[in-house]
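[1] Got a predicted model here, sequence first, then my questions.
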Amino acid sequence: MAEFDAIDALLAGAGQEVRLPPAQERRRLREGLSLSRAQLAQALGVGASTVGGWEAGRDPSGDVREKYGYFLEGARTKLDAVAAAAAPADAPGPAADSLAEEDQASDTDNGDADTGVLAEPRPCVLCGQPARHQVEGFPQHLDPAECGTAAPVPAQPEKPAPRPASRQPARAGEPGRAASGVKVVPVGRRVQVASDTPDLIGSAVAAALAEHAGDVEAATAALVKRAIPDAMALLDHTRKGGRYDVVAHPWLPDILRKQSARGADQVWEARPKWSRPELPAGEHEITALDINGAYLSALKTHLPLGQLEHSTGDHHDRRRAGLHLITPPAWDHGSYLPDPIGNRDEPGPLWVTEPTLRLLLRVSGPKYGLCDPPEIHESWTSGATEGLLEKFRIVLKDARDRAIAEGDEVTLEYVKAMYSKFVSTLGESNYNRELYRTDWMHLIRSQAFANLWWKAHRAYDEGLMVVRAMGTDELHVAGDWRAVFPEGRGVTEVKVKDVYTVGTDQDPALQRPESPS
């Protein structure tokens with residue numbers, strides 16, 4: 001029977017996986033104790049977005065699963081005890097119930113000017129089930145218990161604390177209010193004491209320099225290495241007080257899944273790789289312009305909040321964003337402007353992102369009339385907002401601007417790594433497991449390409465000759481470009497990458513090697 005000893009030992013040492021309650025119950029237990037995701041995440045040693053993923057249906061594993069299960073069980077026990085102690089001897093009558101419902105409706109409808117009641121139920125922007133309310137025009141469930149488990153519901157703004165009594169209350173905006181000496185800064189829709197908004201980027205740089213005894217190269221290398229987790233922590237911080245939660249790990253349609261281990265998915269990002277086929281006679285001085293902070297600027301784009309939902313028909317809803325199967329229009333201006341769809345050899349329908357579709361719809365409209373409208377066959381979209389990453393973008397932009405002004409190359413390289421790696425690791429990545437949004441990655445990249453296309457169009461519209469457009473940040477032009485684009489290192493400025501001359505008999509595509517983008 002010795003052959004069974006190994007099996008007995010294996011069974012004796014095997015641990016049973018901790019069972020967790022449903023995702024909806026996990027959120028209820030946390031919120032029942034008035035705990036934020038950040039508080040729970042800190043206790044468990046994970047990120048707040050990871051906790052959001054668990055509350056959206058993902059399951060943790062290993063030691064953290066056991067810790068999370070311990071918290072949930074303890075939270076349930078504590079809430080049950082509190083409920084039992086607070087239970088009244090007699091249940092309230094119908095009149096009391098009705099009055100309480102009226103009070104709750106009053107708080108919901110009037111507590112926020114952007115929250116309202118819908119005349120007819122519409123699909124919730126996060127879970128897709130019928131909702132009776134809307135926030136900033138998006139149908140949503142206000143009660144977490146009503147929202148489906150496909151996605152967390154948006155956090156509602158906390159009610160302001162009671163104003164302390166004052167014998168002579170000052171009016172809002174009176175100069176006398178500033179005499180208190182408490183400096184405040186805007187955060188979302190609220191203000192808070194300036195000391196409560198730490199400079200996460202500056203603190204990280206200072207700590208790295210101190211750790212490496214002022215060695216700039218070593219400190220920079222260490223900061224770049226930790227750029228992804230630091231970017232996620234900064235995102236969590238800038239999302240405090242935000243109107244919406246997002247689905248951090250949604251179910252993805254097949255078009256967003258790689259066709260093979262080393263292959264790509266089916267989404268076309270419209271990356272430009274264009275050179276003017278012919279130049280006028282004579283020699284031309286060409287300036288290769290570098291577009292600063294291309295991916296940083298592209299963080300301002302329409303991003304879907306919840307899980308993508310399928311629809312068919314040639315219709316575009318501007319309040320939603322995602323991926324669209326289109327037949328692109330013919331482009332007859334390739335002799336002087338790049339095709340908005342990028343360089344594509346195969347004809348027929350293809351899956352494009354929201355920025356590409358919006359670009360095509362705009363240039364085909366009455367203002368420009370450069371092509372026919374694209375034909376939309378089907379879409380995967382969700383309710384969207386353009387400001388989802390705006391605070392995150394502004395913090396990075398301000399840090400970048402300060403670093404340039406102060407000649408701080410350590411901070412500059414750190415910030416560049418934060419926003420570039422943030423975008424590149426939103427898809428399948430071993431480095432960023434807190435936010436898995438392959439659709440966001442494609443949309444942000446495509447927005448950078450669309451931004452470059454608009455700069456090329458602006459150059460052409462202002463009388464410059466557009467010679468090349470490459471990747472996210474390279475635009476070659478001939479003419480007085482300084483009259484069109486401000487020069488500098490700021491996000492809204494451009495800098496010179498190269499200057500060269502092209503003659504009559506030389507193809508500009510063959511004159512210069514392609515610069516890395």
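    Alright, I've got the coordinates. Residues are numbered from 1 along each chain as shown.

[2] Ramachandran angles for Leu435?
    Per-residue torsions, Leu435: phi -140, psi 110 (degrees, to the nearest 10).

[3] next one: Leu33
    Torsion angles, degrees, to the nearest 10, at Leu33: phi -100, psi 10.

[4] Isn't it up against Arg76?
    No. If you go by CB atoms under 8 Å, Leu33 and Arg76 don't touch, sitting 10.1 Å apart. In this view, the C-beta of every residue, glycine as well, is placed from N, C-alpha and C.

[5] anything in contact with each of the two?
    Common neighbours of Leu33 and Arg76 are not found (criterion: CB atoms under 8 Å, 6 or more residues apart in numbering).

[6] give me the low-pLDDT residue ranges for the stretch 201-350 of the chain?
    For the stretch 201-350 of the chain, the stretches flagged by pLDDT under 70 are 243.

[7] which stretches of the stretch 151-300 of the chain form helices?
    Along the stretch 151-300 of the chain, counting by DSSP state H, counting those that start in this stretch, helices occupy 200-211, 216-225, 227-238, 294-298.

[8] From Ser61, how far out is the residue nearest to Thr411 when sequence neighbours are not counted?
    Leaving aside its chain neighbours, Thr411 sits nearest to Ala403 (3.9 Å; criterion: CB to CB, 6 or more residues apart in numbering). According to CB to CB, to the nearest Å, Ala403 and Ser61 sit 39 Å apart.

[9] same deal with Glu375?
    Taken as CB to CB, the span from Glu375 to Ser61 is 45 Å.

[10] Just list the residues touching the residue found closest to Pro486 once you drop the neighbours it is linked to in the chain, thanks.
    Spatial nearest neighbour of Pro486, excluding adjacent residues (CB to CB, 6+ apart): Glu493 at 4.7 Å. With contacts defined as CB under 8 Å, 6+ apart, the neighbours of Glu493 are Asn292, Phe485, Pro486, Glu487.

[11] try Ala459
    Val466, Leu475, Val477, Gly479, Trp481, Val484, Phe485.

[12] Let's verify it: helix, strand, or coil?
    Under DSSP: H, G, I helix; E, B strand; the rest coil, the three-state class of Ala459 is helix.

[13] count of neighbours near Asp332?
    Around Asp332 sit 10 other residues, with neighbours defined as other CB atoms under 10 Å.

[14] Tell me the secondary structure of it, please.
    coil.

[15] Spatially nearest residue to it, not counting backbone neighbours?
    Closest to Asp332 by CB to CB, 6+ apart is Cys371, at 7.4 Å.

[16] in what helix or strand does that neighbour lie?
    For Cys371, there is no host helix or strand (DSSP states H and E).

[17] residues contacting it?
    Taking CB under 8 Å, 6+ apart, we find Cys371 in contact with Pro329, Ala330, Trp331, Asp332, Leu360, Val363, Ser364.

[18] Give me the pLDDT value at it.
    pLDDT recorded at Cys371 is 96.

[19] can you check Gly45 too?
    pLDDT for Gly45: 81.

[20] Low-confidence regions, the stretch 51-200 of the chain specifically.
    Counting by pLDDT under 70, the stretch 51-200 of the chain shows low-confidence ranges at 85-116, 125-128, 135-138, 141-197.

[21] can you rerun that using 50?
    Applying pLDDT under 50 to the stretch 51-200 of the chain flags the ranges 89-113, 149-181, 183-195.

[22] Ala403 and Ser61: which is more packed in?
    Shown here are Ala403 and Ser61; by other CB under 10 Å, Ala403 has more neighbours (22 against 10).

[23] Against Ala288, how distant is that one?
    Taken as CB to CB, the span from Ala403 to Ala288 is 24 Å.

[24] care to break this structure down by domain?
    Annotated domains of the chain cover 16-86, 113-154, 254-511 [automatic domain parsing].

[25] Could I get those in a markdown table, plus columns for distance to Ile228?
    Shown next, in a markdown table, are the domains of the chain (distance: least, CB to CB, whole Å):
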| stretch | distance to Ile228 |
| --- | --- |
| domain 16-86 | 11 |
| domain 113-154 | 23 |
| domain 254-511 | 5 |
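
[26] Minimum distance to Asp236: which of those has it?
    The closest of the domains of the chain to Asp236 is domain 16-86. By CB to CB, the value is 4.5 Å.

[27] Can you tell me the SS state at Ala456?
    With three-state DSSP as the basis, Ala456 sits in helix.

[28] which residues does it contact?
    Residues counted as contacts of Ala456 (CB under 8 Å, 6+ apart) are Leu337, Pro338, Val466, Ala469, Leu475.

[29] And the third one, which helix or strand is it part of?
    Applying DSSP H and E as the criterion places Val466 in strand 465-470.

[30] helices or strands next to the helix or strand hosting Gly383 in the packing?
    According to DSSP H and E, Gly383 maps onto strand 375-385. Judged by 3 or more CB pairs under 8 Å, 6 or more residues apart in numbering; DSSP states H and E, the packing partners of strand 375-385 are strand 138-140, strand 303-304, strand 309-312, strand 320-327, helix 354-363.

[31] Flag every buried residue along it.
    Neighbour-count burial for strand 375-385, counted by 16 or more other CB atoms under 10 Å, picks out Ile376, Glu378, Ser379, Trp380, Thr381, Ser382, Gly383, Ala384, Thr385.
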